[in-house]
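Q: The following comprises the amino acid sequence and a computationally predicted model.
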Amino acid sequence: MTAFDETLPIIAEILKRHKADLSDMDWLLVNRDLKGKIRLIAPVEVSESKLAPTLEEIAKELESRLGDRAYPAEYAILYDENREDACKGASLFPLEGFDNIEVADRLPVSGNWLSFAREDSGAPLVVFFSVKGGVGRSTAIAASALSLAQKGKKVLVLDMDLASPGLSSALLPENRRPEYGIVDWLIEDLVGNGNFILDRMYAKSDIIRDEEVFVVPAHGREPGEYVSKLGRAWMPVVRDDGATESWPQRLRRMVDELKKALDPEIVLIDSRSGIDDLASACVTDLGARLILLFAFDDEQTWTGCQILFRHWRHASVARKIRERLQLVAAMMPETDTLERLEEMREAGYELFAAEMYDAIPPGEMIEERWNFEESDEFAPHSPWLIRRHQGFTSLKTLRGRLSKIEESTVAHVFGPLIQGLGELIEERDSDG
């Protein structure tokens, strides 16, 4: 029996023995279907060329080595006139060791963690993400939004944790919540009605008078048939020109429309935690300028991060995402804070050095190679500190507390985070 994780190394080993012949091909796809079974897709002209026997020999080797993980040799080769058509619907990444061979990974979900939208040039979009829950992301967004607003910044906050919504309760009283929310927009957009509810899916927070914090909740004032709506929210839309727009692409369009309507100086997004489809959309598909990776210094956090980072590295897409990442030390205890922070920096460095940084002397830039010293305070592995504080422990009571907690206390707890977000706005202003 060949396990799923063993298939690609075996395929690479087989193909490397035929690399001289395969290098004459414009392209070749290793197609991994929904069950994880393997077949090859090649240009149609290859079927009548001297390369056809080579592919047939490879198909026999794949059947022999992979067993049930490969299609029988007589069915293991498909031919297509157009590479783009052959790739349609798949997550693509290069097969290690080859320039002209890619893996076409067929997944039953839209989020694949590999398709990175270009970075938005407008108001910077910041995603608050974690691989595990309970790290204080939503509280940090609420406090950061209000602190930035007190400094005169116009802030847009989106509750994208659609399966477990709650951020809006920290910023909006029930009687100020808008009529609709993000899930409502995704449902209405399926029938072309998204723009008709856009101005009724956000509301201004009233915690601090005259400050501009606009909140877009996961659902409206009345959730209605939320479960039924949520089950349909992930559907793609076929546009008038025949092209299919996935739900993450629709979500990006929604964010763009909200930015046009409100013209914020920064957009803060509370992502779903974990390595799931919705989190993938937030992290990879919205064009985030900054992805804040909230973490505890524990085995579960580092294992989850390693799984995600390694996925990016193996698919040769780590360079597209790594400069947007920033580690955040979540809810750090007040005792031995500096020692604990240093321990987290060491663990963060170990992770980033293994999976994200290039193997060059730390601190040096060689062409596009990228690395940092372990002690570099400006490196993405060097965590922004958030202190644990009793006044920020419950979203249920946070809305009432935020208006009473002194600004100096907010700065003490969230100082590096608020400073980093402020610098991001200033950087955008100077670039624009």
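A: That came in fine, so what should we check first? Residues are numbered from 1 along each chain as shown.
Q: which residues touch residue 79?
A: 41-44, 46-47 (CB atoms under 8 Å, 6 or more residues apart in numbering). C-beta here means a position set from N, CA and C on the backbone, and glycine is covered the same way.
Q: So it, which state does it fall into?
A: strand (DSSP: H, G, I helix; E, B strand; the rest coil).
Q: residues contacting the closest residue to it other than its chain neighbours?
A: Nearest residue to residue 79, sequence neighbours excluded (CB to CB, 6 or more residues apart in numbering): residue 44, at 4.4 Å. By CB under 8 Å, 6+ apart, the contact list for residue 44 reads 79-81.
Q: Please enumerate the helices of the stretch 1-150 of the chain.
A: 4-16, 19-22, 52-66, 83-87, 137-150 (DSSP state H, counting those that start in this stretch).
Q: need those in a markdown table with mean neighbour count and distance to residue 239, can you?
A: Compiled in a markdown table, these are given as follows (neighbours: other CB atoms under 10 Å; distance: least, CB to CB, whole Å):
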| stretch | mean neighbour count | distance to residue 239 |
| --- | --- | --- |
| helix 4-16 | 15 | 34 |
| helix 19-22 | 14 | 37 |
| helix 52-66 | 17 | 36 |
| helix 83-87 | 14 | 17 |
| helix 137-150 | 24 | 33 |
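Q: okay if I get those helices as JSON lines plus mean pLDDT and distance to residue 275?
A: Below are the helices of the stretch 1-150 of the chain laid out as JSON lines (pLDDT from 0 to 100; distance: least, CB to CB, whole Å):
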{"stretch": "helix 4-16", "mean pLDDT": "94", "distance to residue 275": "16"}
{"stretch": "helix 19-22", "mean pLDDT": "94", "distance to residue 275": "33"}
{"stretch": "helix 52-66", "mean pLDDT": "95", "distance to residue 275": "26"}
{"stretch": "helix 83-87", "mean pLDDT": "91", "distance to residue 275": "24"}
{"stretch": "helix 137-150", "mean pLDDT": "89", "distance to residue 275": "15"}
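Q: Dump the ones you listed to a markdown table, plus distance to residue 169.
A: What follows is the helices of the stretch 1-150 of the chain, written out as a markdown table (distance: least, CB to CB, whole Å):
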| stretch | distance to residue 169 |
| --- | --- |
| helix 4-16 | 41 |
| helix 19-22 | 57 |
| helix 52-66 | 51 |
| helix 83-87 | 43 |
| helix 137-150 | 9 |
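Q: To residue 421, which of those lies closest?
A: helix 137-150 (5.9 Å; CB to CB).
Q: now the strands for the stretch 51-200 of the chain?
A: 77-80, 91-94, 101-105, 125-129, 155-159 (DSSP state E, counting those that start in this stretch).
Q: Including mean pLDDT and distance to residue 231, could those go into TSV?
A: TSV is the format used below for the strands of the stretch 51-200 of the chain (pLDDT from 0 to 100; distance: least, CB to CB, whole Å):
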stretch	mean pLDDT	distance to residue 231
strand 77-80	95	33
strand 91-94	89	23
strand 101-105	94	25
strand 125-129	97	24
strand 155-159	95	19
